[in-house]
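In: Give me coordinates for this.
(one chain, ligands or ions: 1)
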Amino acid sequence: MPDTVPYDFDLFVIGGGSGGVRCARIAAGHGARVGIAEAKAWGGTCVNVGCVPKKLMVMAAEYGTMPAEARGFGWEFAPGRHDWQALIANKNTEIARLNGIYSRLLEGAGVRLFEASATFLDAHRLDVGGRIVSAERIVIATGGRPRPPEFPGREHCIVSDDAFFLPERPQRVVLLGGGYIGIEFAAIFAGLGSEVHVVMRQPLPLRGFDDDLREALAEAMTQQGVRLHARCGGVRRVTADGAVKCVTLEDGTEIDADLVFAAIGRTPNTETLGLDRAGVEMNGFGAVCIDTEQRTSAPHIYAIGDVTDQLNLTPVATAEGHAMADRLYGPGPRQWAFDKVATAVFFTPPLATVGLTETEAAMRGPADIYVTRFTPMRNTLSGRSGRTLMKLVVDQQTQVVLGAHMLGEDAPEIIQGLSIAINCGATKADFDRTLGIHPTAAEEFVTLRTRTRVAEGPREPERDAQSLPAAEMGAAEMGLGC
Ligand code: NDP
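Out: Residues are numbered from 1 along each chain as shown. All right, here's what the predicted structure looks like:
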């Protein structure tokens, strides 16, 4: 289409998830004529089958132990039972409310909404649910979906999209994958009373996270009765006998279950977009290839969020969408620190992390490592077991804090605050001269006086989740911040 022909839209966004909605809304606010297409539900993965419902369900699981734990504080609650259907219904109501907020935000910004899927006809035209629309610029923000397993019997497995709508809570669950989703659903099902097995190829969950954090998580999971099948080599097959499934691992172990849940990663949603007709290139995994300004191989077509398969986190997609709208139609992009993105995994207790792991730091040069583990104050009266872990990774030469890691109550809230300091380049001395709030767990981050070790080069091989010494699982000294 020649440049002289007016387009229906200045910008058309394909996908109404976190990234797409932010991009459309901000671009429209800058005066662009914007359209957006969403085939399923406004808000995308995060709102509908991801972060939001997941966290509500983790919260549901946390209530399970509260009556027993409150006894130490003088309360007597009668034992209760959990109503799974009530949880799912209430969660669905809340998600529907959020869907409405998202669509109203878009309409309020003057964006034209299409509740349909979009396919490229050529580089500037799209078929949107049977209507042909043209746009000067197009943003692909179609996200991803759970990757299905490939072993025999995969039809007996569910993925995370299904897990949010199960008619009842399964009594025995096998989770395949020790990543974000496997760990978070282990917390949900175990907390609500199911027998949970997590099957992993690695010695510890969460490959890529700091090793101390991974060990602390494996301990916490084991303490809560989650059975970890580490270094199992993967799944050989799944068979079904009526409602009962049997998972056979590559190491020969067999596990019976009512639900087999594959959480083995996600794959970008590009298959039905007709990207070849628009000249947009993908990599070998089906992700849209982009340059540093989110531009695809077609210079007027951009891609943001999980469809690019880079850092698959909601705040990253949102920031990319916002930055692009500002760059194309506004005063220029806001600067985000994409190199030090804090992230959390909502186990109970949760863990959170920002910056470099010990191993990553040591590969750059000597690093001072500060680690503390303590029994949180609440556990003294509640009788709950489990210890908090806090860790700072500090560049030995400059004393800049390169990374902060925590497993324990409120870890995501605490690390979110610390990530500002770390993004500002705070040194260990800056942490040391900061006064704590007493009594809190967070104050431990500013009272870490004694260096635990110096890290130089890679650490010794990882310990196995199943070989963590039992002695480490008991209560230890209490963190008093004194
Ligand atoms: P992850 O990439 O986090 O983890 C995948 C897990 O599956 C890994 O343990 C991996 O093992 C394992 N795995 C991969 N392939 C196989 C296989 N063929 N057989 C056996 N195991 C396998 O993916 P998730 O599905 O858990 O989550 C997807 C993404 O969603 C995350 O990466 C994250 O970006 C996002 N997310 C973020 C959340 C948050 O911010 N709290 C919450 C949920 C999801 P190995 O290490 O050996 O490769």
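In: the longest strand in this protein is where?
Out: The longest strand of the chain (DSSP state E) is strand 131-140.
In: partners of that one in the sheet?
Out: Using DSSP bridges, the strands paired with strand 131-140 are strand 9-14 (parallel), strand 125-128 (antiparallel), strand 301-303 (parallel).
In: How many neighbouring residues does Val400 have?
Out: 16 (other CB atoms under 10 Å). C-betas here are computed from N, CA, C, even on glycine.
In: Can you verify my assumption that it contacts Thr427?
Out: Yes. Counting by CB atoms under 8 Å, Val400 does reach Thr427; the two are 5.5 Å apart.
In: what sits in contact with each of the two?
Out: Common neighbours of Val400 and Thr427 are listed as Val394 (criterion: CB atoms under 8 Å, 6 or more residues apart in numbering).
In: Glu76 - how many residues pack around it?
Out: Glu76 is flanked by 7 other residues according to other CB under 10 Å.
In: Roughly how far does it sit from Ala70?
Out: Distance of Glu76 to Ala70, given as CB to CB, to the nearest Å: 8 Å.
In: Spell out which parts of the stretch 301-450 of the chain neighbour the ligand.
Out: Neighbours of the ligand within the stretch 301-450 of the chain, by CB under 6 Å from any ligand atom: Asn312, Leu313, Thr343, Ala344, Val345, Phe346.
In: Kindly provide the distance from the third one to Met57.
Out: Spatial separation of Thr343 from Met57 under the definition CB to CB is 19 Å.
In: ok, now the first one?
Out: Distance, Asn312 to Met57, by CB to CB: 20 Å.
In: Could you check which of those two is surrounded by more residues?
Out: Met57 (24 against 18).
In: can you give me the end-to-end distance of stretch 231-250?
Out: End-to-end distance for stretch 231-250, by CA to CA, to the nearest Å: 10 Å.
In: Now do it: everything it contacts.
Out: By CB under 8 Å, 6+ apart, stretch 231-250 touches 149, 151-154, 156-157, 174, 176, 197, 199-203, 229, 251, 253-260, 464.
In: Which stretches in the stretch 1-150 of the chain count as helices?
Out: 18-29, 44-49, 51-63, 66-70, 84-108 (DSSP state H, counting those that start in this stretch).
In: Minimum distance to Ala187: which of the ones you listed has it?
Out: For the helices of the stretch 1-150 of the chain, proximity to Ala187 was assessed by CB to CB; helix 51-63 is nearest, at 5.5 Å.
In: What residues of that closest one count as buried?
Out: For helix 51-63, the neighbour count (16 or more other CB atoms under 10 Å) marks Cys51, Val52, Pro53, Lys54, Lys55, Leu56, Met57, Val58, Ala60, Ala61, Glu62 as buried.
In: would you turn those residues into JSON lines with pLDDT and distance to Gly332?
Out: Output for these, formatted as JSON lines (pLDDT from 0 to 100; distance: CB to CB, whole Å):
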{"residue": "Cys51", "pLDDT": "98", "distance to Gly332": "29"}
{"residue": "Val52", "pLDDT": "98", "distance to Gly332": "31"}
{"residue": "Pro53", "pLDDT": "98", "distance to Gly332": "36"}
{"residue": "Lys54", "pLDDT": "98", "distance to Gly332": "35"}
{"residue": "Lys55", "pLDDT": "98", "distance to Gly332": "34"}
{"residue": "Leu56", "pLDDT": "98", "distance to Gly332": "37"}
{"residue": "Met57", "pLDDT": "98", "distance to Gly332": "40"}
{"residue": "Val58", "pLDDT": "98", "distance to Gly332": "38"}
{"residue": "Ala60", "pLDDT": "98", "distance to Gly332": "43"}
{"residue": "Ala61", "pLDDT": "97", "distance to Gly332": "44"}
{"residue": "Glu62", "pLDDT": "96", "distance to Gly332": "43"}
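In: My guess is Ile422 contacts Val401. True?
Out: Yes. Using CB under 8 Å, Ile422 is in contact with Val401, at 5.6 Å.
In: what do those two both touch?
Out: Gly355.
In: who has more neighbours, these two?
Out: Each of Ile422 and Val401 has its neighbours counted (other CB under 10 Å); Val401 has more, 27 against 23.
In: how about the helix or strand where the more buried one lies as CSV, C-alpha atoms only?
Out: Val401 belongs to strand 401-407 when elements are defined using DSSP states H and E. Coordinates of each C-alpha in strand 401-407 appear next as CSV, following Å, rounded to 0.1, in the frame of the first residue of the first chain:
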residue,chain,number,x,y,z
VAL,A,401,25.9,-4.6,45.7
LEU,A,402,25.3,-6.7,42.6
GLY,A,403,22.5,-8.9,43.8
ALA,A,404,20.0,-9.5,46.6
HIS,A,405,18.2,-12.8,47.2
MET,A,406,15.6,-13.8,49.7
LEU,A,407,13.4,-16.7,50.6
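In: List the contacts of the very next helix or strand once past it.
Out: Later in the chain than strand 401-407, the nearest helix or strand by DSSP H and E is helix 411-423. Helix 411-423 is contacted from outside by 337, 340, 342, 344, 346, 349-355, 401-406, 430-431, 441-442, 445, using CB under 8 Å, 6+ apart.
In: Cross those against strands and list the overlap.
Out: Ala344, Leu351, Ala352, Thr353, Val354, Gly355, Val401, Leu402, Gly403, Ala404, His405, Met406.
In: From those residues, list the buried ones, please.
Out: Neighbour counting with 16+ other CB under 10 Å marks Ala344, Leu351, Ala352, Thr353, Val354, Gly355, Val401, Leu402, Gly403, Ala404, His405, Met406 as buried within those.
In: export these to CSV and tack on distance to Pro333 and pLDDT?
Out: Converted to CSV, those look like this (distance: CB to CB, whole Å; pLDDT from 0 to 100):
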residue, distance to Pro333, pLDDT
Ala344, 26, 98
Leu351, 31, 98
Ala352, 27, 98
Thr353, 26, 98
Val354, 22, 98
Gly355, 23, 98
Val401, 27, 98
Leu402, 26, 98
Gly403, 26, 98
Ala404, 27, 98
His405, 30, 98
Met406, 31, 98
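In: Which parts of stretch 438-446 count as buried, going by neighbours?
Out: Ala441, Ala442, Glu443, Glu444, Phe445, Val446.
In: Just give me the neighbour total for Asp291.
Out: 10.
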